[in-house]
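[1] Structure for this input, please:
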Amino acid sequence: MRPRQSALTDISPGNLRKLAFTRELLSLAQAFECGEEEWETEVADWIKAPQEGAADAVEENDCAVWLYRTPDRELVGYASLGLSHNPWNIPGYGRARIAIIPFLGVSTQFQGQPKGVDRLDRFAAQIMRDLIAEALHLDGRGLPILGLMVDYRNEKAINFYERLGFVALDARDGSRRYVRMIVRLPATIEPEQAESSSDPR
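    Numbering: from 1, shown residues only. Down below sits the predicted model:
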């Protein structure tokens, strides 16, 4: 029921390298920061936590987690993928368990990077493309849907996901803290969909 947990792969030649995260790699994530907003510190804390964080989630077979690094081994970000614990009510489909992204973060210093490249090759878009590819291989999902939840105040991330084809299932009026968003699989990221100022945090 979990995604493939490959050890070390290049997801884009010369750019990001993907490393399967385990408890033994916690030290690599200790300096990770992605901003000072409440939702940004939650994202950073989850990957660094020795308990009740990413390491426990991997060990409990709850989700797969990957670190994304430069060829020089600088930590660009991380992402996770699993199945929803409870069914989501998906318009046109009904209720079903779906593939979800529990947490995703791009390091502050790498947001909007690398400069001078096509928008499709920026790190945040590379990570999202990789998660979409991984979701296609996820066993146990009931629908060809990938979902995530984002703090309703995080306009930058919401705009980024919308440009990748995600649509919101919930109002963004603060009636609930997290807005559920979904995209149909398979999905692609077209260069004109991603904007340089729209990397998630």
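
[2] Distance from the helix or strand hosting Gly147 to the middle of the chain?
    Assigned by DSSP states H and E, Gly147 falls within strand 145-151. Offset of strand 145-151 from its chain centre (Cα atoms, centre = their mean, to the nearest Å): 9 Å.

[3] between whatever helix or strand Ala157 lives in and strand 145-151, how many degrees?
    Here Ala157 sits within helix 155-163, counting by DSSP H and E. Angle of helix 155-163 versus strand 145-151, following axes from the mean of the first three to the mean of the last three Cα atoms, to 10 degrees, is 160 degrees.

[4] Counting neighbours, show which residues of helix 155-163 come out buried.
    For helix 155-163, the neighbour count (16 or more other Cβ atoms under 10 Å) marks 156-158, 160-161, 163 as buried. Glycine gets a C-beta too; all of them are placed from N, C-alpha and C.

[5] And stretch 25-42, by the same measure?
    25-26, 28-29, 32, 34-35, 39-40.

[6] Would you report the backbone torsion angles of Asp125?
    No Asp there; residue 125 is Ala. The phi/psi pair for Ala125 (degrees, to the nearest 10) reads phi -70, psi -40.

[7] gap between Ser107 and Gly53?
    Here Ser107 is placed at a distance of 17 Å from Gly53 (Cβ to Cβ, to the nearest Å).

[8] higher neighbour count, these two?
    Taking neighbours as other Cβ atoms under 10 Å, Ser107 and Gly53 compare with Ser107 leading, 21 against 18.

[9] residue contacts, the more buried one?
    32-34, 75-77 (Cβ atoms under 8 Å, 6 or more residues apart in numbering).

[10] quick check, nearest of those residues to Arg172?
    Nearest to Arg172 out of the contacts of Ser107 is Cys34 (Cβ to Cβ; 21.0 Å).

[11] so where does the closest one fall, helix or strand?
    For Cys34, there is no host helix or strand (DSSP H and E).

[12] Give the closest residue to it in space, chain neighbours not counted.
    The shortest distance from Cys34 to any non-neighbouring residue, by Cβ to Cβ, 6 or more residues apart in numbering, is to Gly105 (4.4 Å).
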